[in-house]
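K.L.:
What shape does this take:
(chains A and B)
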There are 2 protein chains.
Amino acid sequence: MAKEFSVTPYEVSGEVNYDKLIEQFGTQKIPESIKTKLKKAHPLLRRGTYFSHRDFDLWLADAEKGKTISIVSGRGPSEKMHLGHLVPFLAVQSLQSIFNCEVYIPISEDEKFYVKPSLSFDQAQQFADDNILDILALGFKKEKTHLCKDFSYAPLYGMAAKVAKLISYSTAKAAFGLQPENNIGWSFYPAVQAVHILLPQFLHGSQRTIVPVGIDQDPFIRLTRDIAEHSSLNFTKPGALHAKFIPGLKGSAKMSSSDAENDVIYLTDSPETVKKKINKYAFSGGKDTLEEHKKHGGNPDIDISFQYLKLLFEDDDKKLNQIEKDYRSGLLLSGELKALLIRKINEFLKNHQTNREKVKKDVEKYLLH
Amino acid sequence: MAKEFSVTPYEVSGEVNYDKLIEQFGTQKIPESIKTKLKKAHPLLRRGTYFSHRDFDLWLADAEKGKTISIVSGRGPSEKMHLGHLVPFLAVQSLQSIFNCEVYIPISEDEKFYVKPSLSFDQAQQFADDNILDILALGFKKEKTHLCKDFSYAPLYGMAAKVAKLISYSTAKAAFGLQPENNIGWSFYPAVQAVHILLPQFLHGSQRTIVPVGIDQDPFIRLTRDIAEHSSLNFTKPGALHAKFIPGLKGSAKMSSSDAENDVIYLTDSPETVKKKINKYAFSGGKDTLEEHKKHGGNPDIDISFQYLKLLFEDDDKKLNQIEKDYRSGLLLSGELKALLIRKINEFLKNHQTNREKVKKDVEKYLLH
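P.N.:
Reported below is the predicted structural model:
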């Protein structure tokens, strides 16, 4: 019998059966016909992390026809970003480089301000400015990438009002789990989030948009799809690409900085910290003793180091296959696998931290006003 | 036994006992010591329409000390304005000319958009632009008067977010009578309204502000007073001046365009329309026959024409006293009293409609951005 599991925007529990989730949520599995179009995409897109979609086929069809298409991927800014936070942006960056499309990145400092009691207005904005650097460090096309910060993007309130009129409190309550004691900014935020998803259409009219999100966030996509075609907006239902959860270092189902400092790699971690975290905490699929490992081999399917290489850091399929083969056979030891990952992460972070400094002078060019 | 009455922001019923209302709401009756300072003010302020206050004494004390003080009076724009809508602005205009203070006029096109199902976003803004002309036509000091339109005042959303964080949905629900089926813009609007009341302080720091409102709106003042001093804002509790209701033409308790076309005088009414409305609908305190009237006299206390002269159109106390005396004695007939009012209203409207055209070129100078 399959284990019980539950996926909502607020909680993920049990062992997630992604096929069942597709059924439950009424989304589509990404078919082979789409996968063949993503052969040069980021590993996240071609090795199964993005597994489900809404209207991505229609988005691709419009891309092929040369129609205006767009991607939206927002960020609720936090004190510091970790690798897991980059997942949607890595996918966006890859899709933009393949399809040469417009990218919109709304920064929801307001959401965090409403939801976190102790977060001040100024802190919320500082986190936004900080996180923007980490996002831009990934390297988006300057002319085709547009950021907005909710507290300083002047047209936002008017757009949100148009959407707010279409969402009743009880609908928002159901989708966002609002409580009567929550503040009224929180009540309003669902409208702002829908504006984010519809931003390309607010600015440039009806078009196909795709939003890469964790599958747990699909209810928000659904809410926005429900209102997009209303006669007061006349937009196209936004599409989505749904990701599985990226496991935490210790093997937890979902990488999350709220779990623990040591379950994630922060983008600001030093090479020494990365080395320590991986060696000490990264859940291993290797055997208990060197002898046993050499004899029976390790299990890459549950090995976090292998999974991170597969999903994030080893772009070369041949190399990845060799690593998997060697690890399974016992030729590659757990310590060696970890050393591989440590080197890859530190290369990535070194580059990332350099880019983060470089983009500082360009932020203004990306910002919508 | 006194009749039952009820005053809430949504409904006024029964015969209002204003002294009891002061007790119920916990406001202060305007004392003689204040009245003597308003001897040159508009009739609305010196003939009892404004009868109650919160911290107006402290505002006056700061005015005397030369401290920065301000007045806020907002408007939820409607298709066309009537005389009753001018009540707060006539008071504001008079207070500004006496105390030479800053005036802030927020236009809540958002509120109307949220609350009226059939009102479109564009219509809401058109009504705002139209109503602004009627307000400015009263003649405010150009350098000291500041308008903002909610949908185009860029800093509004950030300010409203700060306030929204301090108001729970259940508090807003209680003060504004929110229903679960109401849209989430409506849920958020209490924060925007509090920003309006606090606008001078958001822009120029803690100061005494006075808001002239109908007494039924006092719950919103209270809600704003409850949050003004919160450490995240550090403002001063805003004060208020409370007005009694101005009766409708037909003698209804509160002049309201939702009642009937013929219960109000629109600012766009032609001289003929005014004449027709007053002659046909203005509730008369005169006797049924000319003979009886000449013998027993009329009752100015219930005569709408006399009340309008007293509250809005006859500034000269001596003239007003003579009119009252002559009407009470029967010397002045109902038709003559009505003719007096018709002439006064039409003079006012002619002047108003001319000013309305003149201010068009200046609107931009008043607008906050």
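
K.L.:
Look through chain A and tell me its longest helix.
P.N.:
Longest helix in chain A, counting residues (DSSP state H): helix A:334-359.

K.L.:
sec struct for the residue minimising distance to the centre of chain A, please.
P.N.:
Nearest to the centroid of the C-alpha atoms of chain A, with distances taken as C-alpha atoms, centre = their mean, sits residue A:88, at 2.8 Å. Here residue A:88 takes the helix state, with states given by DSSP: H, G, I helix; E, B strand; the rest coil.

K.L.:
swap in residue A:301?
P.N.:
Following three-state DSSP, residue A:301 is assigned to coil.

K.L.:
which ones are touching it?
P.N.:
By C-beta atoms under 8 Å, 6 or more residues apart in numbering or on different chains, the contact set of residue A:301 is residue A:285. Every residue, glycine included, has its C-beta placed from N, CA and C.

K.L.:
Tell me the first helix or strand C-terminal of the longest helix of chain A.
P.N.:
helix A:363-366 (DSSP states H and E).

K.L.:
Pull out the buried residues from that following helix.
P.N.:
Buried residues in helix A:363-366, counted by 16 or more other C-beta atoms under 10 Å in any protein chain shown: residue A:366.

K.L.:
Over to stretch A:34-48?
P.N.:
A:34, A:37, A:38, A:41, A:42, A:43, A:44, A:45, A:46, A:47.

K.L.:
can you put those in a markdown table and add secondary structure?
P.N.:
Conversion of the buried residues of stretch A:34-48 to a markdown table gives the following (three-state DSSP):
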| residue | secondary structure |
| --- | --- |
| A:34 | helix |
| A:37 | helix |
| A:38 | helix |
| A:41 | coil |
| A:42 | coil |
| A:43 | helix |
| A:44 | helix |
| A:45 | helix |
| A:46 | helix |
| A:47 | coil |
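
K.L.:
Out of the residues you listed, which comes closest to chain B?
P.N.:
The nearest member of those to chain B, counting by C-beta to the nearest C-beta, is residue A:44 at 33.3 Å.

K.L.:
Can you report phi and psi for the closest residue to residue A:196 other than its chain neighbours?
P.N.:
Among residues not flanking residue A:196 along the chain, residue A:106 sits closest, at 3.9 Å (C-beta to C-beta, 6 or more residues apart in numbering or on different chains). Dihedral angles phi and psi of residue A:106 (degrees, to the nearest 10) take the values phi -80, psi 140.

K.L.:
residues touching residue A:106, list them.
P.N.:
A:72, A:74, A:75, A:147, A:148, A:150, A:195, A:196, A:199.

K.L.:
Could you identify which of those residues has the most neighbours?
P.N.:
residue A:150 (30 neighbours; other C-beta atoms under 10 Å in any protein chain shown).

K.L.:
Bridged to the residue nearest to residue A:196, which residues?
P.N.:
For residue A:106, the beta-bridge partners are residue A:148 (DSSP bridges).

K.L.:
Residue A:190 versus that one, what's the distance?
P.N.:
According to C-beta to C-beta, to the nearest Å, residue A:106 and residue A:190 sit 14 Å apart.

K.L.:
same deal with residue A:277?
P.N.:
If you go by C-beta to C-beta, the gap between residue A:277 and residue A:190 works out to 36 Å.

K.L.:
what does residue A:293 give?
P.N.:
Separation of residue A:293 from residue A:190 (C-beta to C-beta): 50 Å.

K.L.:
More neighbours: the two, which one.
P.N.:
Set side by side, residue A:293 and residue A:190 give different neighbour counts by other C-beta under 10 Å, the larger being at residue A:190 (25 against 21).

K.L.:
Setting aside sequence neighbours, what's the nearest residue to that one?
P.N.:
Distances taken as C-beta to C-beta, 6+ apart place residue A:172 nearest to residue A:190, at 4.4 Å, with adjacent residues excluded.

K.L.:
ok, and the closest non-adjacent residue to whatever residue of the stretch 201-350 of chain A ends up closest to chain B?
P.N.:
Nearest to chain B in the stretch 201-350 of chain A, going by C-beta to the nearest C-beta, is residue A:232, at a distance of 7.0 Å. Setting aside the residues directly before and after it, residue A:232 is nearest to residue A:162 in space (C-beta to C-beta, 6+ apart), at 6.4 Å.

K.L.:
isn't the one you found right up against residue A:235?
P.N.:
No. The criterion here is C-beta atoms under 8 Å, and residue A:162 misses it with residue A:235 at 10.6 Å.

K.L.:
I'd say residue A:91 and residue A:47 touch.
P.N.:
No. Checked against C-beta under 8 Å, the pair residue A:91 and residue A:47 is beyond contact range at 11.7 Å.

K.L.:
does the residue of chain A most remote from its centre belong to a helix or a strand, and which?
P.N.:
Relative to the C-alpha centroid of chain A, counting by C-alpha atoms, centre = their mean, residue A:291 is the outermost residue, at 39.4 Å. Following DSSP H and E, one finds residue A:291 within helix A:290-296.

K.L.:
how much distance is there from that helix to the middle of the chain?
P.N.:
In this view, helix A:290-296 has its centroid 37 Å away from the chain centroid, taken as C-alpha atoms, centre = their mean, to the nearest Å.

K.L.:
Lovely, talk soon.
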